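Visitor: Just need the structure, nothing else, for what follows:
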Amino acid sequence: MSVEFTFNIKKIPFNEDYTPSDSTRLTTNFANLARGEHRQENLRNVLRMIDNRFNSLAHWDNPNGDRYSVGVDIISAEMTIRSEGENECFPLIEVLNNSIFDRKDDKRIQGIVGNNFSSYVRDYDFSVLLLNHNKDLSEFRTPDRFGDLHGNLFKCFITSECYKAHFRKMPVICLSVSSNRTYYRTRNHHPVLGVEYEQREFSLTDQYFGKMGMKVRYFMPENASAPLAFYFFGDLLSDYSNMELISTISTMESFQKIYRPEIYNSNSPAADCYQPSLKHQDHSVTRIVYDREERSQLAIAQGRFTEESFIKPYQDVLEQWSAQYSV
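Guide: Prediction:
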């Protein structure tokens, strides 16, 4: 059975008037903030946090700490499956694309595409497939070829003509470090990314992003509480400008302070030997409303939606395509 994938990109500004579209995963950081009676206050506050953090890192020729503002667009990639004369459209991933407005020079500077990473298929892998596989096992294991399909779909997207027409550089994804791993401070220090940390064994998330073709490094920027995990292609330190890197740090560190305050809004910075913990009590909370338990429940619901509407109907086609796929 022959199959062809094509992609379409939609762009929505993330601002205080943002409302999630029907195809947006509600577990996504930005969508979760834009719900409920506090939605506009949430959005206004997180945008202010992003701008303030950007200006604190881009402090040169910025005496008042207000030279820059960060614009954020939500990038939704839809995939059309063409098989035996039928076309079916499915929401594949959502990422963010940053731009920086320089008030002093009155110009806009391109940021980085990526930042946050949202995927229905990843919801299925982690919240349905992985849970079902370990339901009756005494020791945690991953299924055979876990993450292969998702990784190949992602690589197919970023090498597509659609992606190349919209973005000039490869994406950088910035996530929280794993609470199941220990990180060790190194002597390497980058002027923007900060001090580098290393770990001795990749987490499941690190391995999953490896299937997507991405490498990982961990850096703790100046005045941060904990390192961030940066997933990238090529060379993170030389392929991106300081302003591009700052746009990612300011955006994703702000989200993490909301979603994982125990780690990223801790009242003391990570030590030389650091194990993140969501049970850490010495932390501050933001004024932004967020329900972490609801987000976990939604991940399961959306994973099941993916199973019923995408995995099961196209399982044979997808497995055959993935087994033969090469970039």
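
Visitor: Low-confidence regions, this protein specifically.
Guide: Scanning the chain with the threshold set as pLDDT under 70 gives 1-2, 20-38, 84-85, 287-296, 327.

Visitor: Show me where it has its strands.
Guide: Taking DSSP state E, the strands of the chain run over residues 4-13, 68-83, 86-102, 107-119, 172-176, 183-190, 194-198, 215-220, 228-232, 273-274.

Visitor: Make a markdown table from those strands and add distance to Ser138 and mean neighbour count to it.
Guide: Bear in mind the C-beta positions are built from the backbone N, C-alpha and C, glycine included. Formatted as a markdown table, the strands of the chain follow (distance: least, Cβ to Cβ, whole Å; neighbours: other Cβ atoms under 10 Å):
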| stretch | distance to Ser138 | mean neighbour count |
| --- | --- | --- |
| strand 4-13 | 39 | 14 |
| strand 68-83 | 38 | 19 |
| strand 86-102 | 34 | 19 |
| strand 107-119 | 30 | 21 |
| strand 172-176 | 28 | 22 |
| strand 183-190 | 29 | 15 |
| strand 194-198 | 31 | 19 |
| strand 215-220 | 30 | 20 |
| strand 228-232 | 30 | 23 |
| strand 273-274 | 30 | 16 |
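
Visitor: How about Glu94, nearest residue that isn't a chain neighbour?
Guide: Sequence neighbours aside, Ser118 is the residue nearest to Glu94 in space, at 4.0 Å (criterion: Cβ to Cβ, 6 or more residues apart in numbering).

Visitor: What of Asp66?
Guide: Asn55 is the one closest to Asp66 (Cβ to Cβ, 6+ apart), at 6.1 Å.

Visitor: quick one: contacts for Pro262?
Guide: For residue 262 the amino acid is Glu, not Pro. Counting by Cβ atoms under 8 Å, 6 or more residues apart in numbering, Glu262 makes contact with Ser277, Leu278, Lys279, His280, Gln281, His283.

Visitor: What is the nearest of these to Arg44?
Guide: Taking Cβ to Cβ as the measure, Arg44 lies nearest His283 of the contacts of Glu262, at 22.8 Å.

Visitor: contacting residues around that closest one?
Guide: Shown in contact with His283 (Cβ under 8 Å, 6+ apart): Pro261, Glu262, Ile263, Asn265, Ser266, Asn267.

Visitor: neighbour-wise, which of those residues leads?
Guide: Greatest neighbour count in these, by other Cβ atoms under 10 Å, goes to Ile263: 23 neighbours.

Visitor: hang on, Leu204 packs against Phe140?
Guide: No: using Cβ atoms under 8 Å, Leu204 is not in contact with Phe140, being 9.2 Å away.

Visitor: Looking at these two, which one has more neighbours?
Guide: Between Leu204 and Phe140, Leu204 has the larger neighbour count (other Cβ under 10 Å), namely 16 against 9.

Visitor: Looking at the contacts of His283, point me to the pair that's furthest apart.
Guide: Within the contacts of His283, Ile263 and Asn267 form the most distant pair, 11.8 Å apart (Cβ to Cβ).

Visitor: who touches both of these two?
Guide: Contact criterion Cβ under 8 Å, 6+ apart; residues shared by Ile263 and Asn267: Ser225, His283.

Visitor: closest one to Ser309 among the strands of the chain?
Guide: Nearest to Ser309, of all these, is strand 86-102, at 7.2 Å by Cβ to Cβ.

Visitor: who touches Val177 in this structure?
Guide: Taking Cβ under 8 Å, 6+ apart, we find Val177 in contact with Tyr183, Tyr197, Tyr218, Ala226, Pro227, Leu228, Ala229, Ile263, Pro276.

Visitor: wait, isn't Asp61 in contact with Asn55?
Guide: No: between Asp61 and Asn55 there is no contact under Cβ under 8 Å: 11.3 Å.

Visitor: who has more neighbours, those two?
Guide: Between Asp61 and Asn55, Asn55 has the larger neighbour count (other Cβ under 10 Å), namely 19 against 9.

Visitor: quick one: the more buried one from Ser250, how far?
Guide: 8 Å (Cβ to Cβ, to the nearest Å).

Visitor: likewise Ile173?
Guide: Ile173 is 15 Å from Ser250, by Cβ to Cβ.

Visitor: same thing with Arg141?
Guide: Arg141 sits 38 Å away from Ser250, taking Cβ to Cβ as the criterion.

Visitor: and these two? which has more neighbours close in?
Guide: More neighbours surround Ser250 than the other of Arg141 and Ser250, with 26 against 11 (other Cβ under 10 Å).
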